[in-house]
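**Student:** coordinates only, sequence not included:
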């Protein structure tokens, strides 16, 4: 990453951190884009070069997490079944975030608190989840050699998304504990599913 890109990334992260702190301190609805920009010493116009709205800045850590997962999924071996590929990518993505910058985990925790305090954000979060699930369906269909409308493919996707939702039910306060929780969930799934159920 060149100097220009590093500076842009630094500004983006600063805007996210300032926004999350202001939202949690003063409330999402009351906080303005002008206040977020001022906290980072940039103009509101600069804010809108990075984010289309306050909602987008809140959801950006979740979007970044999805990108890490999807990047890991794209590198999984072609001969893995959909279940093996997705769960392997989940393990690696969580471990990558756990072993990276502690501020990343802190942002996820703050987003979780905001979601609990601000019901108006839930629709945006559900939209982001739905977009991720559509991309997951495309990858599962590709690995199974079917279309996304194939009933078996849809069932595989529904099992995988359910595992993810159960995993994230209690939020990512501690990614090591989240990884342990994932292994327990996957152990339950593997006891319940017959071999090659996803092929």
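**Tutor:** Alright, I've got the coordinates. Source: prediction; values computed, not measured. Residues are numbered from 1 along each chain as shown.
**Student:** domain-wise, how is the chain divided?
**Tutor:** 1-51, 53-192 (automatic domain parsing).
**Student:** lowest average confidence across those domains, which one?
**Tutor:** Lowest mean pLDDT within the domains of the chain: domain 53-192, at a mean of 90.
**Student:** same list, the domains of the chain, but as a markdown table with mean neighbour count please.
**Tutor:** Yep, even glycine has a C-beta here, placed from its N, CA and C like the rest. Shown next, in a markdown table, are those (neighbours: other C-beta atoms under 10 Å):
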| stretch | mean neighbour count |
| --- | --- |
| domain 1-51 | 15 |
| domain 53-192 | 16 |
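**Student:** a markdown table for these, including distance to residue 198?
**Tutor:** Formatted as a markdown table, the domains of the chain follow (distance: least, C-beta to C-beta, whole Å):
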| stretch | distance to residue 198 |
| --- | --- |
| domain 1-51 | 36 |
| domain 53-192 | 4 |
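**Student:** and the helices in this structure, which stretches?
**Tutor:** Secondary structure of the chain (DSSP state H): helices located at 3-26, 33-40, 44-50, 54-74, 82-99, 102-117, 122-144, 151-167, 175-192.
**Student:** so which of those helices comes closest to residue 199?
**Tutor:** helix 122-144 (6.8 Å; C-beta to C-beta).
**Student:** give me the angle between the closest one and helix 102-117.
**Tutor:** If you take axes from the mean of the first three to the mean of the last three C-alpha atoms, to 10 degrees, helix 122-144 sits at 120 degrees to helix 102-117.
**Student:** so what does helix 122-144 touch, helix or strand wise?
**Tutor:** helix 54-74, helix 82-99, helix 151-167 (3 or more C-beta pairs under 8 Å, 6 or more residues apart in numbering; DSSP states H and E).
**Student:** next, format those helices as CSV and append distance to residue 30.
**Tutor:** Converted to CSV, the helices and strands packed on helix 122-144 look like this (distance: least, C-beta to C-beta, whole Å):
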stretch, distance to residue 30
helix 54-74, 11
helix 82-99, 30
helix 151-167, 31
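**Student:** out of those, which gets nearest to residue 16?
**Tutor:** Residue 16 lies closest to helix 54-74 among the helices and strands packed on helix 122-144, at 5.7 Å (C-beta to C-beta).
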